[in-house]
Every structure is written in C-alpha cells, then in structure tokens.
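Undergrad: need a 3D model of the following:
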Amino acid sequence: MRLTILGGGGFRVPLVYHALLGDHGPGRITDVMLYDTDRTRLSAIGAVLRQQAAAATEPPAVTETTDLDEALRGADFIFSAIRVGGLDGRTVDERVALGLGVLGQETVGAGGIAYGLRTIPVARQIAQRIAAVAPDAWTINFTNPAGMVTEAMTPFLGDRVIGICDSPSGLGRRAALALGVDPSTAFYDYAGLNHLGWLRGLKSGGIDRLPDLLQSSRALSSFEEGRLFGADWLRSIGSIPNEYLHYYYFARETLNAVSAVRQTRGAFLLDQQSAFYADTGQHPDQALELWQKTRAERESTYMVESREIADAGERDERDMAAGGYEQVALSLMRAIGHNERASLILNVRNRGVLRHLDDDAVVEIPCTVDANGALPVTVSQLTDHQAGLVCSVKAVERTTIEAAASGSRDAAVRAFAWHPLVDSVTVARELLDGYVEQLPDLGYLRG
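TA: Just a heads-up that it's a prediction; the model follows:
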C-alpha cells in the first residue's frame, strides 16, 4: 500500500511516519511519497524520517518529489496537510485581525477565513488532479480549516475525501479516563463542525456516563477541558465543548490575553520552525534529535493563552504521549485498507444525521468505517444554542468557499461579517483589505 503525503515538508509529518512504523500487520503502508513545493523543507523532513527508520524493522520506503502528478500516481491513500502561504501567512492572519480588535486564530474567526480564502483555491486544484490521476485513492484531509477545506474538495472527490482532527477523539479519551472508563470501549455522542463541537454523551455498557462526570468537580478538574471551561459552565450547558469553543465562550478574555503577549502563536512557530529547518540543513545527521526537541516545545505551549485564562495548568504529558491526528489517520487507513470495522469521529457529509443542516454539509460526527469508507451514525440532535452557532459558522464556511471559487469580494466580505467573532460589516471590509494587501495568495480578491 502506498501513502502520499501532500505537504511532505511539514513539521508534523514525522508523527505520521512514526505511527506507520508501529504497524506491522498485513496490508500495511509499505511506501511513503512526500510531496512539497519547498525542496529545502522536503529534504529536512526526509532526513528526519530516514533517522526514524534506522531503528525500525522493515520501515516503509520514503521517496521525495516536487511533482504533484508523480506524487499522486499509484497512491492508495493521499494525506493532505498543506499550508498555503506558510507560517508567514499565519502571522499575517493573526496580526491583521488583532490590529482591528478581533481574534485571528488560524481556524477560528477572521484568521480562519483568511486561511481558507488562500487555501481553498489550491485544495480545489489538488482535488481535481486527484480525480484525474488517482481516482481510486482515498484522500484524508488534515489541511486547515479542515471542515471547510474538506467540503471544498467534495464536489470533485465525493465521499472519497474524509477530514480528520484529533480534538474530538482527544476530548473523548480524556473524559473517559476521568470516569475510569476504557476509552476504546466507549461511544462518544459528539457533533458539530470541525473545531466547533460538543460531547453530549459518553456511553459505556449501554449507560450514558456523562451526567456522572458533570456532577463530579474532582473528575472534571482532572482533565484539560474541565479546567479550561470550569465545572459550573459545563454543568450549565450539559455538555463538554471542544477546546476551540473557548474562543467563543471566553472571546473577550482570550482577545485580551492574545493581544497582551509579546509574540503571537504563528510568530512563535515561525521563529521556532525556521530555526529547526536551518539547523537541520547545517546538521542533517542530527535531524531527528532537533525535530524531537522542537516538537516538545511546540506541544507544551499549545493554546497557552486559553489555559492561562482558566488557570488550567500545563498540558497533561499522558495526553501528549497518546498520539494525535496521526493515530486517527492510521486508524482510518487500516479500517479502509484492511476492512477492519472502526468507530471514529470524522469530517464527512451530513447525510441527514443533523436535521439543522443539509445532506452535503460537512460535519464532524462519529462514523463507522470499513472498506466502503465512512458512514455517519445517529447521534442526539443539536440543542438550539449549538444549532444556532453551527448554522452560523457553516454559512461562513460556505460563503468563504463561494468567494474562493468565484473570486467574489462581496462574498468574502459577507464571510467575515457573518462570523460570530466579527461584529461589524465595516471591520469585515477592513479585514479583507488588510489581508489582500499583505497576502499575495489573495490577489484574486483585489478590487
């Protein structure tokens, strides 16, 4: 089986390869093709992977290319993790938004819209090439904003593109462990959009254990989301939100905290990863060691402002060691490639599961996965509050896709103006002008 990784020079690619090294079953991935437009980054990550493979038994062979069609041809699975505009673009996403008094997080609010506007045109072109060159391949999308980008690719790839994220599975795992339940045996009644969902039930042995969790302050304080949102708020809403909902429920506090720091998250990662790639270029024999050191610092500072607001403390080392999106990707590939039935929370077409959205809306819900792909399962319906927020953000996602596909400035302004974290049409116009001025990839939206 062959896996092609688009964005193969990306910093987190070694996590995917590490997961593959632990898979020795029949039908495993035996060949990995790395594709990137940046040869320097591609060479650095290739060096990390080769050093990872040195201590492994029968590791997957690694090949590198800057030719997209060569990368796609013969692929069984295609993992898309591109970053259009790089981390330089992410810093602009953050800086322009903060300059206008709104959040610029890379997947939430103004920053997420800007990221989508420059990413979707490229993602659509890639989807067209996949349909032409590798029509039988399964595409696993991790390119952010993951739900929006997955929906933009579905007209070309249908149900053969599936979006993944590790946030829902991580939340479910933490909640289960807080209850003393085996995470692998629990059913998670989770629903929403990517980075905008809620855990509404946690069934073990046919019994919903979430009410027990919500009543225990001690159990809630034992994991990140419990500390992040606080026991009183979680009891009030009767569910446990995805960590990214902290940007909505505590928007003012988060904006103040982010505005006060010396360096935005994007700027921190830009400096950190630039140093990694430069050091690896000078010391390729130390590539793996340099990567491991950089990754540890990256993970420990994840969502640090939100954790500081809630006094949530440092990230749990057990959770960091459990694996993230790479384990979701491996489980998905094994379920499809080996026809091993699995239950995963994925970004797929709604198909009538959530009544507030149409069948083609990409949502994040539990699915049963086998050789036929991912089939969403029945979950409880969204509450009025949840549905209102989900429908509002889905309208933003679709209007962003419309703007990216048509080049319409009007649609782009509507996308910014309609987002719950942007409270002004005037600010929406200023956001678009600021992004177009500083991001070359948005030149197609110039007036």
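Undergrad: which residue is nearest the centroid of this structure?
TA: Cys165 (4.5 Å; Cα atoms, centre = their mean).
Undergrad: that's a strand at that one, yeah?
TA: No: under DSSP: H, G, I helix; E, B strand; the rest coil, Cys165 falls outside any strand and is assigned coil.
Undergrad: for Arg129, see how far away it is.
TA: To Arg129, Cys165 is 24 Å away according to Cβ to Cβ, to the nearest Å. To be clear about C-beta, it is placed using only N, CA and C from the backbone, and glycine gets the same treatment.
Undergrad: cool, and Val122?
TA: 11 Å.
Undergrad: same question, Pro183
TA: 38 Å.
Undergrad: quick one: which of those two has more around it?
TA: Pro183 (18 against 15; other Cβ atoms under 10 Å).
Undergrad: check contacts around that one.
TA: By Cβ atoms under 8 Å, 6 or more residues apart in numbering, the contact set of Pro183 is Gly172, Arg173, Ala176, Leu177.
Undergrad: what ranges do the strands span in the stretch 251-400 of the chain?
TA: Here the stretch 251-400 of the chain has its strands, by DSSP state E, counting those that start in this stretch, at 342-349, 362-370, 373-376.
Undergrad: for the stretch 101-250 of the chain, same thing?
TA: Counting by DSSP E, counting those that start in this stretch, the stretch 101-250 of the chain has strands at residues 138-141, 161-163, 187-193, 196-204, 207-208, 240-241.
Undergrad: so which of those strands is nearest Leu20?
TA: Judged by Cβ to Cβ, the one of the strands of the stretch 101-250 of the chain that comes nearest to Leu20 is strand 138-141, at 13.0 Å.
Undergrad: in the stretch 1-150 of the chain, which spans are helices?
TA: 13-21, 39-53, 68-72, 86-99, 110-133, 146-157 (DSSP state H, counting those that start in this stretch).
Undergrad: which one of these is the most hemmed in?
TA: Of all the helices of the stretch 1-150 of the chain, helix 146-157 carries the top mean neighbour count, a mean of 25, counting by mean count of other Cβ atoms under 10 Å.
Undergrad: what is that one packed up against?
TA: Helix 146-157 is packed against helix 110-133, strand 138-141, strand 161-163, strand 342-349, strand 362-370, helix 384-406, with contacts defined by 3 or more Cβ pairs under 8 Å, 6 or more residues apart in numbering; DSSP states H and E.
Undergrad: I figured Ile336 hits Val369, correct?
TA: Yes: counting by Cβ atoms under 8 Å, Val369 is a contact partner of Ile336 at 6.5 Å.
Undergrad: who's in contact with Ser204?
TA: Contacts of Ser204 by Cβ under 8 Å, 6+ apart are Ala176, Leu179, Val181, Asp182, Thr185, Ala186, Phe187.
Undergrad: who does it bridge with?
TA: In this structure, Ser204 bridges to Ile207 when assessed by DSSP bridges.
Undergrad: how far away is it from Thr185?
TA: 6 Å.
Undergrad: let me see the contact set for Met333.
TA: Met1, Leu3, Ile29, Phe77, Trp138, Ile140 are the contacts of Met333 under Cβ under 8 Å, 6+ apart.
Undergrad: select only the buried ones of those residues in ChimeraX?
TA: Listed next is the ChimeraX selection for buried residues among those, using 16 or more other Cβ atoms under 10 Å:
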select :3,29,77,138,140
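Undergrad: now render the contacts of Met333 as a markdown table, adding pLDDT and distance to Gln438.
TA: Output for the contacts of Met333, formatted as a markdown table (pLDDT from 0 to 100; distance: Cβ to Cβ, whole Å):
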| residue | pLDDT | distance to Gln438 |
| --- | --- | --- |
| Met1 | 92 | 42 |
| Leu3 | 97 | 35 |
| Ile29 | 94 | 39 |
| Phe77 | 97 | 36 |
| Trp138 | 98 | 36 |
| Ile140 | 97 | 31 |
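Undergrad: can you list the contacts of Met333 in CSV and add distance to Asp93?
TA: CSV is the format used below for these (distance: Cβ to Cβ, whole Å):
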residue, distance to Asp93
Met1, 36
Leu3, 29
Ile29, 33
Phe77, 29
Trp138, 30
Ile140, 24
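Undergrad: how about the contacts of Met333, which pair is most distant?
TA: Pairwise over the contacts of Met333, using Cβ to Cβ, the maximum falls at Met1 and Ile140, 13.1 Å.
Undergrad: joint contacts of those two?
TA: Phe77, Met333.
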